[in-house]
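In: have a look at this prediction, sequence included:
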Amino acid sequence: MINFLDLKAINQLDRQAMLEACERVIDSGWYIAGNELAQFEREFAEYCGSRFCIGVANGLDALILTLQAWKALGLLSDGDEVIVPSNTYIASILAISQNQLVPVLVEPDEATFNLCPVRAEAAITDKTRVILAVHLYGQLADMPALNALTRKRGLLLLEDSAQSHGAAVAGKKSGNLGDASGFSFYPGKNLGALGDAGAITTSDETLANTLRALRNYGSHKKYENLYRGVNSRLDELQAALLSIKLKSLDAQTLRRREIAQRYLVGINNPLIKLPQIQGQSALEFESHVWHLFVVRTPCRSELQQYLSTQGVQTLIHYPIPPHKQNAYKEWNELSFPLTERLHEEVLSLPMGPTLSDDEVDSVIAACNRFVVADAS
Ligand SMILES: *Cc1c(COP(=O)(O)O)cnc(C)c1O
C-alpha cells in the first residue's frame, strides 16, 4: 500500500535529534515561553525573511489572533468585510467570523485554485478592510497583484501560509508577502510539529507586540492585562522539535518538487487533469512547495476507488465547500459554480518527502491504466 502521507517515516528522519531535544526540554524544568520558543521564533522569522515571528497554539489561532490584533489596534471593527477564496479550507473563514468580521467569498482562479485578483477587486466595497490570500495546496497566490491591489485600495493583506512554508516569489518567501501571515505546524503540514502548533510572521513591530500579549491572556506583564486575550502558546517541546525539522525543510521541499515533476511528466491519461504550473519546470518553480498534488477528474469516485484497488491511497481536499457546510447555513443557497465543480473533481495523490521513485512510478502507472467502464 502506498500511503497518502507517511508521517511515521517523515519523523524517523530526524528521530535522534528529536529525542535529544526532548531530553533537553525535560531536563530544563522550563516548558512554556522559554529559550526553545525564542530560538524557533528567531529562526523561523529569519527563514521567512520577516522581522518577527510569534508562536501560537495552532494555525487557526494564528489567523484569529492576527485579525483580533488588528481590531485591538483600531484597524478593524465589527462588521468589516474580509475577502477570502470560496474554495479554501474552512479555517480561513472561521478566523474571520469568529472575530465578528464578515467573510466575503470570492471564486478562485481556475488554473491555480487561488484567489483571483480581478474577482477580488470586484468584490471590494466600502466595508472591505482585509484581503485574506490562501496559498492553497502549497502554491502562492498572485501576491504581486494582490499587493498592488491592497496598496491601491488601502487594505490589509493577510496570508494564510498553512500549506506554503518556503514557497517564494522573486526570492521573497511566504510569510513575508503581505502585512502578516498565519502558519500552521499541524503534523501533516510541510513543516509539522508532533502535535498542534502555529505561528504568525510579520515585519510590523506594533502588531508583533500586540500578538505577543494576545496569545498570553492579553498580558505583556504578569497580572496586567491590556486586552481580553487567550491562552494560545507554542510550547517549548514543540518549538524545540520544530527547530530541528526546519533544518530539513528545504531539502524536503526539493524532494516534493522532484515528485511533482515526475507526476507531471509521467501521468498522461485524458481523464486526469494535472495541476497547471506557470513557466518553468516544477523542480525549479519556487512558488509551489507541493503540500498537495491535486489532480482533477470528471470521474473522481471511480478513480479514487480504482487507485485504492491498486494499493494507492488518495484523499479529497476538500469534499464540501465552506458555503455548503452546516456551520454556515445562511450561505447554503449561494451559488459558487466553479468552487462547487472543483470540490466534485479534485483528488490528491500521494505526496511527501519520503515517497520513493518506485512508489511514484507505481502511482503514475496506476493512473495511466485507469479507464471508465462504458455505462451503456
Ligand atoms: C491546516 C490549515 C489551517 C489551520 O491550521 P491548524 O493548525 O490545523 O489550526 C488553516 N488554513 C489552511 C489553509 C490550512 O490548511
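Out: That came in fine, so what should we check first?
In: contacts and neighbour counts: CA atoms only from here.
Out: Fine.
In: the ligand contacts on this protein?
Out: Proximity of the chain to the ligand, by CA under 6 Å from any ligand atom, involves residues 58-60, 89, 91-92, 160, 162-163, 184-186, 198.
In: most surrounded residue in these?
Out: Within the residues of the chain next to the ligand, neighbour counts (other CA atoms under 10 Å) peak at Ala162, which reaches 33 neighbours.
In: okay, and that one sits in which element?
Out: Assessed by DSSP states H and E, Ala162 sits outside every helix and strand.
In: hang on, isn't it packed against Lys189?
Out: Yes - look at Ala162 against Lys189 with CA atoms under 8 Å: they come within range, at 7.2 Å.
In: helices along the stretch 201-350 of the chain, start to end?
Out: Remark: helices assigned in the stretch 201-350 of the chain by DSSP state H, counting those that start in this stretch are 205-214, 236-266, 300-309, 337-345.
In: pLDDT of the second one, averaged?
Out: In this model, helix 236-266 carries a mean pLDDT of 97.
In: for this structure, which segments count as strands?
Out: In the chain, the strands defined using DSSP state E lie at 52-56, 81-85, 102-106, 128-134, 156-160, 168-169, 172-173, 180-184, 198-202, 219-221, 224-225, 293-296, 346-349.
In: so what's the residue count around the nearest residue to Thr201 once chain neighbours are set aside?
Out: Distances taken as CA to CA, 6 or more residues apart in numbering place Cys53 nearest to Thr201, at 4.4 Å, with adjacent residues excluded. Cys53 is flanked by 27 other residues according to other CA under 10 Å.
In: please apply the same query to the one 10 residues further on.
Out: The local packing count at Leu63 equals 31, with neighbours defined by other CA under 10 Å.
In: over to Arg341?
Out: Residues lying near Arg341 (other CA under 10 Å) number 13.
In: and the gap between it and Ser219?
Out: Distance, Arg341 to Ser219, using CA to CA, to the nearest Å: 46 Å.
In: please apply the same query to Tyr137.
Out: Separation of Tyr137 from Ser219 (CA to CA) stands at 35 Å.
In: look at those two and report which has more neighbours.
Out: Tyr137 (23 against 20).
In: ok, now how distant is the more buried one from Ala72?
Out: Per CA to CA, Tyr137 is found 31 Å from Ala72.
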